[in-house]
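*Asks:* here is a sequence with its predicted model. Questions after.
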Amino acid sequence: DGTSFACERVCASDRLIKRLGYLSKDPTPNSCVTVCGSSGIDACTEACQRSVCSLPHTVPAWQDQCNKRCTQECLRGRT
């Protein structure tokens, strides 16, 4: 039927946490999240956000930046 479906697994590796820097708030190192979605990029982005951006920041703009950074890292294939 032409429907695309993909699953991606993202782990809160030391490398990913270092790339996101202060944008990630208290991630659990080496914890992994698997998400399935309509595309690999969407699934990767959501898994990254759940893995390293799930705890709310006291500065709301940082949460948005963390989410955007996850999208950038997934587009580069670096998660």
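*Replies:* Good, I have the coordinates.

*Asks:* could you pick out the longest helix of this structure?
*Replies:* The longest helix of the chain (DSSP state H) is helix 60-76.

*Asks:* same for that one, what does it pack against?
*Replies:* The helices and strands touching helix 60-76, judged by 3 or more Cβ pairs under 8 Å, 6 or more residues apart in numbering; DSSP states H and E, are helix 14-20, helix 40-52. C-beta: built from backbone N, CA, C; applies to glycine.

*Asks:* isn't C44 right up against L16?
*Replies:* No. Contact between C44 and L16 fails when scored by Cβ atoms under 8 Å: they sit 11.4 Å apart.

*Asks:* these two: who's more crowded?
*Replies:* Just comparing C44 and L16: by other Cβ atoms under 10 Å the higher neighbour count belongs to C44, 25 against 21.

*Asks:* so who does the more buried one touch?
*Replies:* Residues in contact with C44, defined by Cβ atoms under 8 Å, 6 or more residues apart in numbering, are 8, 10, 35, 70, 74, 79.

*Asks:* and the closest residue to the fifth one other than its chain neighbours, how far is that from T58?
*Replies:* Residue nearest to C74 in three dimensions, not counting chain neighbours: C44, with 3.7 Å by Cβ to Cβ, 6 or more residues apart in numbering. Separation of C44 from T58 (Cβ to Cβ, to the nearest Å): 27 Å.

*Asks:* about what we covered before: so which of the helices and strands packed on helix 60-76 is the most surrounded?
*Replies:* Ranked by mean neighbour count, those are led by helix 40-52 with a mean of 22 (mean count of other Cβ atoms under 10 Å).

*Asks:* report the angle between the axes of that helix and helix 60-76?
*Replies:* Interaxial angle of helix 40-52 relative to helix 60-76 (axes from the mean of the first three to the mean of the last three Cα atoms, to 10 degrees): 140 degrees.

*Asks:* and the most centrally placed residue in the chain, what's its pLDDT?
*Replies:* For the chain, C48 is the residue whose C-alpha lies nearest the centre (Cα atoms, centre = their mean; 1.4 Å). At C48, the pLDDT value in this model is 94.
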